[in-house]
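Asker: requesting a structural model of the entry that follows:
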Amino acid sequence: MDVPAPKMYRLVIILALPLCASCLDNGLMLTPPMGWLAWERFRCDIDCENDPNNCISEKLFMDMADRLSEDGWRDLGYVYVNIDDCWSSKQRDKDGRLQADPKRFPGGIKKLAQYLHERGLKLGIYGDMGTYTCGGYPGSPLDKIELDAQTFADWEVDMFKYDGCYSNATEQEQGYPLMSKALNATGRPIGYSCSWPAYQGGLPPKVNYTQLGEICNLWRNYGDIQDSWSSVWSIVDWFFENQDALIPAAGPGRWNDPDMLIIGDFGLSMEQSRSQMALWAIMAAPLFMSNDLRTLSSGARVILQNKMIISINQDPLGIQGRRILKEKSGIQIFWRPLSKNTSALLFFSHRTDMPYRYKTSLSKLNYTAGSYKVTDVYTYKTLELKDSTEFVVSVNPTGVVMWHISAPAKLNSRLYFRGAQAAASGRDVGNDIPVLL
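Answerer: Got it, this is the predicted structure:
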């Protein structure tokens, strides 16, 4: 039975959520969005003549839509199919509107959107603040924002990612809010992904996360992910080194975005794939796969379709987790508070030599006295564990052990209150270990 939270606990939840006074109110993405995104796996491959199955074309996105709708992905929450760069013609049409490359998208973007909608899916598309996109296609500069927003709405697009190549800080300061206003003015619900923070270093004071929460549903904070473990880890480490600034910015309808899941591509081992999935769940990150769903291995599929990890990622409280310990042994521990008085606890090994046996107890990790139900999210094994009982977890190199833990774990008011106040004031605070009241 759930124990009602005391008044202080309810207050702390409010303090842990975004600090903006008038957050974006388009009713979208109240949990981190999930789906498939073309960029990392397919980039700007437009050679449809020699490689028709892999080029950025109508066929590719229809194929991915078929897989999402027929292979169980949609029912787990993976509903977006997102086009990235290089989809458009090099020229706008006679009325100044963006247009898809007619050779690769003969039916146009609206036909593709309808194909997805018939399968219970949603379409995302890509644009750029500058004169050109990063790939050299027409951008959406300040004087084209309203026209392009209406064009996307006319095409029945459901999500728009706005990049920032070939633009400067002044244009970005004007353009990102203007695009938010223009998208909302169309009357069509369109989720809005901003790359603005990534172009300004990702941190206050250059990045105003209060303002971002008022205009965007999600935002890229850091550089592009690449198909390698070193890339994944550089992103993870940056996010948690700066967690006190980032955690208060996230919440229902507005998310920090560490970039795509590369599980099922070429650069990660199975252990590292499990680690990325678990760490993205702890971060309350958007889950956009960038892989080939037509040839995905069974191992990658099992990881990406893990219902317990998805439920942690999609927790309705929307509170981003934090790193609570960095041991000299290379073991790092992450914690995320969840709804219904539960939590997620993750043990990660930054070692590269051999499995490491880490000994601790829940009381040492500042859980309160009591007995807990612990479920391993990858093995689904469950045990009852007293807070004082010492246990050992064996964590493989660059691997994780992730637990879902039942009540009575509660938020630490000092932890989240201090983090929120520090982010608001620009002060730096240490990475306190949470005391679970």
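
Asker: does residue 207 lie in a helix or a strand, and which?
Answerer: Using DSSP states H and E, residue 207 is not contained in any helix or strand.

Asker: excluding sequence neighbours, find me the nearest residue to it.
Answerer: Nearest residue to residue 207, sequence neighbours excluded (CB to CB, 6 or more residues apart in numbering): residue 197, at 4.6 Å. Yep, even glycine has a C-beta here, placed from its N, CA and C like the rest.

Asker: part of a helix, is the one you found?
Answerer: Yes. Counting by DSSP: H, G, I helix; E, B strand; the rest coil, residue 197 is found in a helix.

Asker: and it, how far from residue 361?
Answerer: For residue 197, the distance to residue 361 (CB to CB, to the nearest Å) stands at 38 Å.

Asker: compare neighbour counts for those two and give me the winner.
Answerer: The neighbour comparison of residue 197 against residue 361 (other CB atoms under 10 Å) goes to residue 197, with 27 against 14.

Asker: surely the residue nearest to residue 207 meets residue 220?
Answerer: Yes. The criterion here is CB atoms under 8 Å, and residue 197 meets it with residue 220 at 6.6 Å.

Asker: which parts of the stretch 251-400 of the chain are strands?
Answerer: Under the criterion DSSP state E, counting those that start in this stretch, strands of the stretch 251-400 of the chain are mapped to 255-257, 287-289, 322-326, 331-338, 342-349, 356-361, 371-376, 382-386, 390-395, 400-405.

Asker: contacts made by the first one with the rest, please.
Answerer: This points to strand 255-257. Contact with strand 255-257 is made by 29, 32-33, 193, 217-221, 239, 246, 249-250, 283-286, 318, 320, as judged by CB atoms under 8 Å, 6 or more residues apart in numbering.

Asker: restricted to helices, list these.
Answerer: Among the contacts of strand 255-257, the ones falling in helices (DSSP state H) are 239, 246.

Asker: got a list of what residue 280 touches?
Answerer: Contact analysis of residue 280 by CB under 8 Å, 6+ apart lists 258, 261, 287, 313.

Asker: list the contacts of the last one.
Answerer: To tie it back to what came earlier, the one meant is residue 313. Residue 313 makes contacts with 31-32, 34, 280-281, 284-285, 287, as judged by CB under 8 Å, 6+ apart.

Asker: in those residues, find the pair that's most separated.
Answerer: The span of these, defined through CB to CB, is set by 31 and 280 at 13.2 Å.

Asker: so which of the strands of the stretch 251-400 of the chain is nearest residue 266?
Answerer: Residue 266 sits nearest to strand 287-289 of all the strands of the stretch 251-400 of the chain, at 14.2 Å, using CB to CB.

Asker: what packs against the closest one?
Answerer: strand 34-37 (3 or more CB pairs under 8 Å, 6 or more residues apart in numbering; DSSP states H and E).

Asker: which helices and strands does the strand it packs on pack with?
Answerer: Helices and strands touching strand 34-37, by 3+ CB pairs under 8 Å, 6+ apart, are helix 58-70, strand 80-82, strand 122-128, strand 287-289.

Asker: past the second one, which element shows up next along the chain?
Answerer: I take that to be strand 80-82. helix 108-117.

Asker: ok, residues contacting stretch 215-225?
Answerer: 24, 26, 28-29, 32-33, 39-40, 176-177, 180-181, 191-198, 202, 207, 212, 231-232, 235, 238-239, 246, 253-260, 262, 286.

Asker: of those residues, buried ones?
Answerer: 24, 28-29, 32-33, 39-40, 176-177, 180, 191-198, 202, 207, 212, 231-232, 235, 238-239, 246, 253-260, 262, 286 (16 or more other CB atoms under 10 Å).

Asker: burial check on residue 82, number of neighbours?
Answerer: Counted with other CB under 10 Å, the neighbours of residue 82 add up to 25.

Asker: just give the nearest non-adjacent residue to it, would you?
Answerer: Excluding the flanking residues, the one nearest residue 82 by CB to CB, 6+ apart is residue 124, at 3.4 Å.

Asker: across the sheet, point out what pairs with the one you found.
Answerer: residue 82, residue 159 (DSSP bridges).

Asker: how about residue 255?
Answerer: Going by DSSP bridges, residue 255 forms beta bridges with residue 218.

Asker: any idea how far residue 54 is from it?
Answerer: Per CB to CB, residue 255 is found 30 Å from residue 54.

Asker: what do you get for residue 184?
Answerer: Counting by CB to CB, the gap from residue 184 to residue 54 is 36 Å.

Asker: residue 315 contacts residue 284, correct?
Answerer: Yes. In terms of CB under 8 Å, residue 315 counts as a neighbour of residue 284; the distance is 7.4 Å.
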